[in-house]
Structure formats: C-alpha cells, structure tokens
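In: Need coordinates for the below:
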Amino acid sequence: MVLPDVNVIIFAMRPESKEHERARSWLDSIVNGSAHFGMSTQVLSSAVRVVTNGSVYARPEPLNFAIRYCNILLEQPLCVSVRPGQ
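Out: Okay, the predicted model is just below:
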C-alpha cells in the first residue's frame, strides 16, 4: 500500500513549490487510482502545521484551506486512515 509522506502533501498543496506539479500529479494518480492507499493522520497534521506557518512561508495557507485539503484526501473511498499504534 502506498503511504505518501509529508513532503508530498506539502508540495502538492503549495502551487509555488518547485515540486508542485510532480507531487500533485503523483498524488492525484494515487487518490484517483484503483488501489487502496494509506494516509497518515500524523503526516497530515504535520503538513497543516507547516503550510500554515508564517515562519515557513511569506504567505501561509489559511488553516481552513489546509484542513479541508487534508479532509478531502481522508474522505476518498479507497483511503485507509493510518494512525499511530495501528
């Protein structure tokens, strides 16, 4: 099972990232594919923390956007939520 890491989520979420197109395309292919994929709640919370941080980005993402982005990933029919201790 594929389990994206935090950098993939951040790059896919941030259009100005040099790796945005590549990460977004890869993530879209996983999310829209025919196989189950894992999504770590720790990875998603880390992505939210980074993309909303004004110390990291001059124009951070609004918190509601970042949370909505992550929730959309978690709501996909083939997504398997992975939590610590599982």
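
In: what about the residue lying closest to Met1 once chain neighbours are set aside, which SS state?
Out: Leaving out its chain neighbours, the residue that sits closest to Met1 by CB to CB, 6 or more residues apart in numbering is Gly38, at 5.0 Å. Where C-beta positions appear, they are placed from N, C-alpha and C, glycine not excepted. Assigned by DSSP: H, G, I helix; E, B strand; the rest coil, the conformation of Gly38 is strand.

In: and Gly38, how many neighbours does it have?
Out: Gly38 has 15 neighbouring residues, counting by other CB atoms under 10 Å.

In: what residues are up against it?
Out: Taking CB atoms under 8 Å, 6 or more residues apart in numbering, we find Gly38 in contact with 1-4, 79-82.

In: Now rank these by neighbours and give me the top one.
Out: For the contacts of Gly38, the largest neighbour count, defined by other CB under 10 Å, is 21 neighbours, found at Pro4.

In: roughly how far apart are that one and Pro15?
Out: 18 Å (CB to CB, to the nearest Å).

In: now Pro84
Out: Pro84 sits 30 Å away from Pro15, taking CB to CB as the criterion.

In: ok, now Trp26?
Out: The gap separating Trp26 from Pro15 is 15 Å, by CB to CB.

In: Gly33 now?
Out: Distance from Gly33 to Pro15, by CB to CB: 23 Å.

In: The two: which has the busier surroundings?
Out: Gly33 (12 against 9).

In: Need the three-state assignment for the more buried one.
Out: Taking three-state DSSP as the rule, one finds Gly33 in the coil state.

In: pLDDT score for it?
Out: Gly33 carries a pLDDT score of 96 in this model.

In: Please report the distance of it from Arg22.
Out: From Gly33 over to Arg22 the distance is 16 Å, taken as CB to CB.

In: How about Ile9?
Out: 13 Å.

In: Looking at the two, which one has more neighbours?
Out: Ile9 (25 against 13).
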